[in-house]
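Undergrad: below: sequence and its predicted model.
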Amino acid sequence: MSKPKSPRHGSMQFWPRKRAQRIYPRVRSWSEVDGTKLLGFAGYKAGMTHIKLRDNSNSTTKGQLISTAVTVIECPPLKPLSLRFYKKTNYGLKLTSEILAKNLDKELGRKIAMPKKLSEKPLPKEADEMRIVVYTQPKLIGKKKKPEIFEVALGSKDLEFGKKLLENEIKIQDVFKEGQLVDAHAVTKAKGFQGAVKRFGIKLRAKKSEKTRRAPGSLGPWNQQQHIMYRVAHAGQTGYHVRTEYNNLVLKISDNKDEINPKGGFLKYGEVKNDYILVKGSIPGPKKRLIRLTEPMRAKKKMEFAPEITSVSLKSKQ
């Protein structure tokens, strides 16, 4: 008998289990945060390492040095594309007006049709929601040239604050701080078409069972609903799903690359060249994939300060 997979792996809470529409996730809801600030950022997953820190949580190891795994996310500055104004209707948010940024990179032409003239539309007197459209700069990490474009919500409806964001690049230090919690949105590793044992974690059947061992024992009653219910574990697409990891602790935000780059660089990624962020634990997705970080939706009690990091492992990952 094989070991059963974890309940999280085999749960039916995600349905349908289909491939993501694109390689980076869409954030469908934003938390309500007071103050004029951006509610999200994005970076590229470089890999994992382990650190030693002094525990400041209310646990049995409080005040002691402990070792913990961290995910390294490289966060080059984001560039603004436009400022959008939305109005709430019975059918959802409706775009009413938009202001374009003046200095746009030519790499945007690989993704969208570049506007020939920057025409100013009349601004609405009232807007129920204001969001900024930003794009990444993957050329700074040297992995590809085509940028990703997505929206980020603003914590307030301050027009002057939104216009100021269109003038300069946005850095990770302007959005998040050490010691806070963030939600990580990502597209998971793609595993293709897999069987029910790997996909849902069902047990192997008995040694002398008929036809197969790696299939569910019953597809349901023959005299009830007259069809196979969707709850029955079947083979199908596994991985490449949009998933959200809630309440991840930000341990460090820095631009000192010498403190994080291991000997020979991160496996299948290389060296970190820009600002980076250390997040406690693991984050969905493979190396080089874009991770979107947002203000937490289910925030727990906030820490007053980030735990003290005493050492970071720089051993070769090769």
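TA: That came through, no problem.

Undergrad: now the element after the helix or strand of the chain with the lowest mean pLDDT, going C-ward?
TA: One helix or strand of the chain scores below all others by mean pLDDT, DSSP states H and E: helix 7-10, with a mean of 48. Per DSSP states H and E, the first helix or strand lying C-terminal to helix 7-10 is strand 40-54.

Undergrad: now that following strand - C-alpha only, PDB.
TA: Presented in PDB, the C-alpha positions along strand 40-54 are these (Å, rounded to 0.1, in the frame of the first residue of the first chain):
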ATOM      1  CA  GLY A  40       0.700  44.700  -4.600                       C
ATOM      2  CA  PHE A  41       4.000  44.000  -6.300                       C
ATOM      3  CA  ALA A  42       5.600  41.200  -8.400                       C
ATOM      4  CA  GLY A  43       8.900  39.400  -8.700                       C
ATOM      5  CA  TYR A  44      10.600  36.400 -10.200                       C
ATOM      6  CA  LYS A  45      11.100  33.200  -8.100                       C
ATOM      7  CA  ALA A  46      14.900  32.600  -7.900                       C
ATOM      8  CA  GLY A  47      14.900  29.600  -5.600                       C
ATOM      9  CA  MET A  48      15.200  28.600  -2.000                       C
ATOM     10  CA  THR A  49      17.800  28.500   0.700                       C
ATOM     11  CA  HIS A  50      17.800  28.400   4.500                       C
ATOM     12  CA  ILE A  51      18.700  31.000   7.100                       C
ATOM     13  CA  LYS A  52      19.300  31.200  10.800                       C
ATOM     14  CA  LEU A  53      17.200  33.700  12.700                       C
ATOM     15  CA  ARG A  54      16.200  34.600  16.300                       C
END
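
Undergrad: note down every partner strand of the following helix or strand past that strand and its orientation.
TA: Counting by DSSP H and E, the next helix or strand C-terminal to strand 40-54 is strand 65-74. With DSSP bridges as the test, strand 65-74 is paired with strand 40-54 (antiparallel), strand 276-280 (antiparallel).

Undergrad: what's the average pLDDT for the biggest helix by length in the chain?
TA: Across the chain, the longest stretch assigned as helix under DSSP state H is helix 159-165. The predicted model assigns helix 159-165 a mean pLDDT of 89.

Undergrad: what does the helix or strand following that helix rub up against?
TA: Next helix or strand after helix 159-165 toward the C-terminus (DSSP H and E): strand 181-187. Contact with strand 181-187 is made by 20, 22-25, 27, 45, 176, 240-250, 279, 283-285, 289-297, 299-300, 302, as judged by CB atoms under 8 Å, 6 or more residues apart in numbering. Every C-beta, even on glycine, is put in place using the N, C-alpha and C of the backbone.

Undergrad: helix or strand right after strand 181-187?
TA: Next along from strand 181-187, by DSSP H and E: strand 190-194.

Undergrad: returning to what we had before: helices or strands next to the longest helix of the chain in the packing?
TA: Helix 159-165 makes packing contacts with strand 79-89, strand 129-135 when contacts are defined by 3 or more CB pairs under 8 Å, 6 or more residues apart in numbering; DSSP states H and E.

Undergrad: 10 Å instead?
TA: strand 79-89, strand 92-100, strand 129-135 (3 or more CB pairs under 10 Å, 6 or more residues apart in numbering; DSSP states H and E).

Undergrad: and the strands paired with strand 65-74 as JSON lines, adding mean pLDDT, mean neighbour count and distance to residue 138?
TA: Formatted as JSON lines, these follow (pLDDT from 0 to 100; neighbours: other CB atoms under 10 Å; distance: least, CB to CB, whole Å):
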{"stretch": "strand 40-54", "mean pLDDT": "96", "mean neighbour count": "21", "distance to residue 138": "7"}
{"stretch": "strand 276-280", "mean pLDDT": "97", "mean neighbour count": "23", "distance to residue 138": "15"}
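
Undergrad: cool, thanks, signing off.
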